[in-house]
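A.B. asks: take this sequence and fold it.
(one chain, ligands or ions: 1)
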Amino acid sequence: MSKTKLELTWIGKDKRPKLEPRILLEDPAKSYHAKHRVTEHDQFDNKLIFGDNLLALKALEQEYSGKVKCIYIDPPFNTGEAFENYDDGLEHSIWLNLMRERAQYLYKLLSFDGSLFVHIDDNELAYLTVLLDEIFGRNNRVSIVTFKQGSATGHKSINPGLVTTTNYLLIYAKDKSTWKPRRIFTSRERDSRYSQYIENFDDNYSQWRHIPLSQELGRHFGVPPRQLKKFLGDQYEDKVSDFVIENAHRVIRTARPDYKSVGQAVRDVIDASKLNVTKVHLLERQKHSDMYFKDGERFLFYKDKLKEIDGVVVSGEPLTNLWDDLLSNNLHKEGSVKFPKGKKPEALIKRIFDLATNKGDLVLDSFAGSGTTAAVAHKMERRWITIELGEHCKTHVHPRLKNVIDGNDQDGISKAVNWQGGGGFRYYSLAPSLLEKDRWNNWVVNKAYNPLMLSEALCKLEGFTYAPSDSQWWKHGYSTEQDFIYVTTENLSVAQLQELSDEVGGEQSLLVCCTAFRCKADRFANLTLKKIPKMVLSRCEWAHDDYSLSIENLPQMEQPDAEPEQNDLYDM
Ligand SMILES: C[S@@+](CC[C@H](N)C(=O)[O-])C[C@H]1O[C@@H](n2cnc3c(N)ncnc32)[C@H](O)[C@@H]1O
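C.D. replies: Okay, the predicted model is just below:
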């Protein structure tokens, strides 16, 4: 029996598009930056790209492979509605194919210490997990976070059965062994088990007396403890929390340590505290916090539970894989753009960047939607690239980011990061295909290409870095310090090529891309001569503009011709 690997198969899995590496065209009228610097860290090196993300990711591949620290994507979930004209098997296959292609490029773009966060609902979660396991390796799957994005209210709660209130974040590291997430804490409700208060904290610890917290609260607010709830009304929890946080060094709970699992020094103090029950006993420790015991019970202090989150001291606990604290009541207002159903809370993206990035890191979202990721990245001083295919790239993402840069967006995470504006971005669209068919059905260079675009496109196709030289007209790009590329639509004569060869000299080499040349291709040792467009014809799919996830643009899948022969069903 042949060796098989565990994998997900689907119709058309082995059909891979050969993508054209397009160049990106900046639209200077839409690029935008602040009128003056706001801080030292203002980020200008950002890209908003209008177009299909598969072609855009291919366009970014050469420059950005291995450079992106964190990717968040929120692709259209594969809901039945979008695929109503396809039968069930095909709809999943098409979606998986489209996601697989994108995921392959995302993987390449990630840095060795980078990570991917994919937002997905329960419809495709299982399939996407297996697919991404194949690309990233199962070992590099970090977690599946459950994100609470709604409540069981409104019309969806009327039907019988389960109300969906959650979706998921699939997290992968490029290499889990080198991925270093930051330690994050989330704010939690007050822990009411901490219900004792050290009355005489300023006395020597051995004399400490603790009383019920409610007794001290009663004294503080000037009412009998039993009337506290009535007296404070709706503000009860907030007021008690504030008091506990302010007095966290003297609010405690007691806990009986597991005698068998502690060291001898701790046991000795426990024993001593049981012999002399009126006193508090202290165990001083070098590397850890001191321990206090009374009558065999340890004091646990509320101050050890406090964390500073976004500049505010709160009760905190380490981040778990349940994110149920990020529901935003003002989500519809965030970014001042309407994007019903699709828009995600800025706080969610902030948490991801807090966890997986530092200031100045490059982040990417190839399904921009209303532009949440870029807006958050900008406010958090990360560099960003975002891609959107829909017209809302112009009507939503663009104005939202301008607003952020102008410092006018004070919603979302702005207050938490004290956002004041600044920085900028460049706006790009994808160039049209380099080649088009003429009226005789031959591939020719697209008329929309000017010489600069042609030169940049051929650099990309040939793996050269586009860098036109100011001093040497024939240096349009380089692959090494000695190897260059020259692109021209001219028909080059022997005399012209001789002149070029002399200029290049014996120490350097030059790839010459031209329409035609009038000598043998190997005549000049330091020149490699190639003809446009013949040299690139078989390189990729030309004039294919739409790899989008929108169903009307998808090709019809080929149906298998006939039933397979019995023998074909076995691996011979
Ligand atoms: C669920 S929304 C993302 C919402 C976003 N996270 C936010 O907070 O606003 C998905 C987006 O992906 C875009 N999209 C779908 N297919 C695309 C493609 N092939 N290339 C680029 N964008 C695409 C859709 O137009 C849509 O705006």
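
A.B. asks: low-confidence regions, the chain specifically.
C.D. replies: Along the chain, segments meeting pLDDT under 70 span 1-3, 78-90, 549-572.

A.B. asks: tell me which residue of it lies closest to the ligand.
C.D. replies: Here the chain gets closest to the ligand at one residue, residue 369, 2.2 Å apart by C-beta to the nearest ligand atom. Backbone N, C-alpha and C define where each C-beta goes, glycine included.

A.B. asks: confirm that that residue sits in a strand.
C.D. replies: No - assigned with DSSP: H, G, I helix; E, B strand; the rest coil, residue 369 falls outside any strand and is coil.

A.B. asks: domain map for the protein?
C.D. replies: Listed by automatic domain parsing, the domain ranges of the chain are 24-184+322-430, 196-309, 435-536.

A.B. asks: off-centre distance for the shortest one?
C.D. replies: Spelled out, that is domain 435-536. Domain 435-536 has its C-alpha centroid displaced from the chain centroid by 38 Å (C-alpha atoms, centre = their mean, to the nearest Å).

A.B. asks: try the first one
C.D. replies: What separates the centre of domain 24-184+322-430 from the centre of its chain is 5 Å, taken as C-alpha atoms, centre = their mean.

A.B. asks: give me whichever of the domains of the chain is most buried.
C.D. replies: Mean neighbour count (mean count of other C-beta atoms under 10 Å) peaks for domain 24-184+322-430 among the domains of the chain, with a mean of 18.

A.B. asks: right, and residue 130 touches residue 9 too?
C.D. replies: No - in this structure, residue 130 is not within contact of residue 9 by C-beta atoms under 8 Å, at 10.2 Å.

A.B. asks: that older thread, how about the nearest residue to the residue of the chain closest to the ligand, chain neighbours excluded?
C.D. replies: Excluding its sequence neighbours, the residue lying closest to residue 369 (C-beta to C-beta, 6 or more residues apart in numbering) is residue 342, at 4.8 Å.

A.B. asks: one more: residue 478?
C.D. replies: residue 484 is the one closest to residue 478 (C-beta to C-beta, 6+ apart), at 5.3 Å.

A.B. asks: next structured bit after the helix or strand harbouring that neighbour?
C.D. replies: In the assignment (DSSP states H and E), residue 484 maps to strand 483-487. Sequence-wise, the next helix or strand downstream of strand 483-487 (DSSP H and E) is strand 491-492.

A.B. asks: so what strands line up beside that next one?
C.D. replies: Paired neighbours of strand 491-492 in the sheet (DSSP bridges): strand 516-517 (parallel).

A.B. asks: so after the partner strand, what's the next helix or strand?
C.D. replies: Scanning forward in sequence from strand 516-517 by DSSP H and E, the next helix or strand is strand 527-531.

A.B. asks: contacts for that next one, please.
C.D. replies: Strand 527-531 is touched from outside by 492, 497, 500-501, 504, 509-517, 519, 521, 523, with contacts defined as C-beta atoms under 8 Å, 6 or more residues apart in numbering.

A.B. asks: and the stretch 51-200 of the chain, which of its residues are near the ligand?
C.D. replies: Residues of the stretch 51-200 of the chain lying near the ligand by C-beta under 6 Å from any ligand atom: 52-53, 74, 76.

A.B. asks: who in the chain is up against the ligand?
C.D. replies: Residues of the chain lying near the ligand (C-beta under 6 Å from any ligand atom): 52-53, 74, 76, 339, 342-344, 367, 369-370, 372, 387-390, 548-549.

A.B. asks: 8 Å instead?
C.D. replies: Residues of the chain lying near the ligand by C-beta under 8 Å from any ligand atom: 51-54, 56, 72-77, 98, 102, 119, 339, 341-344, 349, 365-373, 387-390, 392, 396, 547-550.

A.B. asks: filter the residues you listed down to just the ones in strands.
C.D. replies: 72-73, 119, 365, 387-388 (DSSP state E).

A.B. asks: would CSV of those with distance to residue 184 be doable?
C.D. replies: Converted to CSV, these look like this (distance: C-beta to C-beta, whole Å):
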residue, distance to residue 184
72, 16
73, 21
119, 18
365, 20
387, 27
388, 28
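
A.B. asks: list the contacts of the residue of the chain closest to the ligand.
C.D. replies: Residue 369 makes contacts with 74, 339, 342-344, 388, 392, 396-397, as judged by C-beta under 8 Å, 6+ apart.

A.B. asks: just curious, which of the residues you listed is nearest to residue 139?
C.D. replies: Proximity of these to residue 139 (C-beta to C-beta) peaks at residue 74, which lies at 25.0 Å.

A.B. asks: for that closest one, phi and psi?
C.D. replies: The phi/psi pair for residue 74 (degrees, to the nearest 10) reads phi -130, psi 70.

A.B. asks: now residue 216: how far from residue 234?
C.D. replies: Counting by C-beta to C-beta, to the nearest Å, the gap from residue 216 to residue 234 is 22 Å.

A.B. asks: the strands in the stretch 201-350 of the chain, which residues?
C.D. replies: Here the stretch 201-350 of the chain has its strands, by DSSP state E, counting those that start in this stretch, at 210-212, 251-255, 281-283, 291-294, 297-301, 306-309, 312-318, 322-323.

A.B. asks: those: which one's closest to residue 468?
C.D. replies: When the strands of the stretch 201-350 of the chain are compared (using C-beta to C-beta), the closest one is strand 322-323, at 48.2 Å.

A.B. asks: what residues does the closest one touch?
C.D. replies: By C-beta under 8 Å, 6+ apart, the list of residues contacting strand 322-323 from outside reads 145-148, 169, 186, 348, 351.

A.B. asks: show me what the closest residue to residue 393 other than its chain neighbours bridges to in the sheet.
C.D. replies: Closest residue to residue 393 apart from its sequence neighbours, by C-beta to C-beta, 6+ apart: residue 50 at 4.5 Å. For residue 50, the beta-bridge partners under DSSP bridges are residue 388, residue 429.

A.B. asks: coming back round to it: output the strands of the stretch 201-350 of the chain in CSV; the columns should cover distance to residue 139.
C.D. replies: Listed next are those as CSV, based on distance: least, C-beta to C-beta, whole Å:
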stretch, distance to residue 139
strand 210-212, 49
strand 251-255, 38
strand 281-283, 42
strand 291-294, 39
strand 297-301, 37
strand 306-309, 31
strand 312-318, 23
strand 322-323, 23
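
A.B. asks: which ones among the contacts of strand 322-323 lie within helices?
C.D. replies: Judged by DSSP state H, helices contain the following of the contacts of strand 322-323: 348, 351.

A.B. asks: out of the contacts of strand 322-323, which one sits closest to residue 411?
C.D. replies: Once C-beta to C-beta is applied, the member of the contacts of strand 322-323 that ends up nearest residue 411 is residue 348, at 14.1 Å.
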